[in-house]
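# 3D model of this:
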Amino acid sequence: KKSTFILAQSERRQMYEKKDMSKAKKGTLFHVSDYVLRFENQMAEVSNWHFEIELTLKSQNRYTKAIFPKYLRLLTQKRNAQLIYVTPSNIIYNSLDMFKEYFMLKKQDEELKSIDASAFDRLHIVSSKEFNGVLKKMLEENDFINER
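A predicted model of the protein is given here:
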C-alpha cells in the first residue's frame, strides 16, 4: 500500500497559512520553501517534500548561517521530510553541493552535534536537466511513500 498524495503548496500559500491568525509583528521572518508536496501514510503520519528552485546564488553567509542550518534542523526534527534543491546552473549546483559538504564536515562541531546524519541523505541537490528522472527514482524508492 502506498501513501496518499495530499497537497502541493506554493510559497505564497505557505506564507498565507503561516501568517493567518498569527500574532507576528510586521517584519517577522517566515521561512518557507518554494513548493511543498505533502504525503500521508495509513497511520496518518505526514511527509513533506520541500522544493527550493535556486535561480540565483545567495551569499555564503546566508547559506552557512541561516538557510542550511534551518533546513538541517528541520530534516533532523522531521524524519520523513525531504529537501530538494533544483537548479539549471552548474555554478549554483556546485556551490550548493559545496555547502552541503561543508556542513557534513562540520558535523563534529558542537553547534551541529544535534543534526542527525540521515538529514544529509534527505538533502538533495539536483540539476534541472536531471530533475524528472531523480524525482521519479525518489518516489519509487522512498520508504515512507511506499510504506516499507
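# drop to CA atoms for contacts and neighbour counts, all remaining ones
OK.
# Low-confidence regions, this structure specifically.
Along the chain, the model assigns pLDDT under 70 to residues 10-32, 110.
# try 90
Applying pLDDT under 90 to the chain picks out residues 1-34, 42, 105-114, 117, 147-148.
# which stretches of it form helices?
Ranges of helices within the chain are 11-19, 60-62, 68-77, 90-106, 118-121, 131-141, based on DSSP state H.
# How many residues are close by residue 118?
Using other CA atoms under 10 Å, residue 118 has 12 neighbouring residues.
# wait, what's in contact with it?
residue 76 (CA atoms under 8 Å, 6 or more residues apart in numbering).
# cool, and residue 73?
Contacts of residue 73 (CA under 8 Å, 6+ apart): residue 115.
# ok, now with 10 Å
112, 114, 115, 116, 119 (CA atoms under 10 Å, 6 or more residues apart in numbering).
# With residue 66 instead?
residue 60.
# Against residue 59, how distant is it?
For residue 66, the distance to residue 59 equals 10 Å [CA to CA, to the nearest Å].
# For the contacts of residue 73, pick the one with the most neighbours.
residue 119 (23 neighbours).
# before we move on, back to that, quick one, which of the helices of the chain is nearest to residue 54?
helix 90-106 (7.4 Å; CA to CA).
# Can you list the neighbours in contact with the closest one?
Counting by CA under 10 Å, 6+ apart, residues outside helix 90-106 touching it are 54-58, 60, 63-64, 68-69, 72, 85-87, 89, 107, 109, 112-113, 115, 117, 119-120, 123-128.
# Could you tell me which of those residues count as buried?
The neighbour-count test (16 or more other CA atoms under 10 Å) marks 54, 63, 68-69, 72, 85-87, 89, 107, 115, 119-120, 123-128 as buried among the contacts of helix 90-106.
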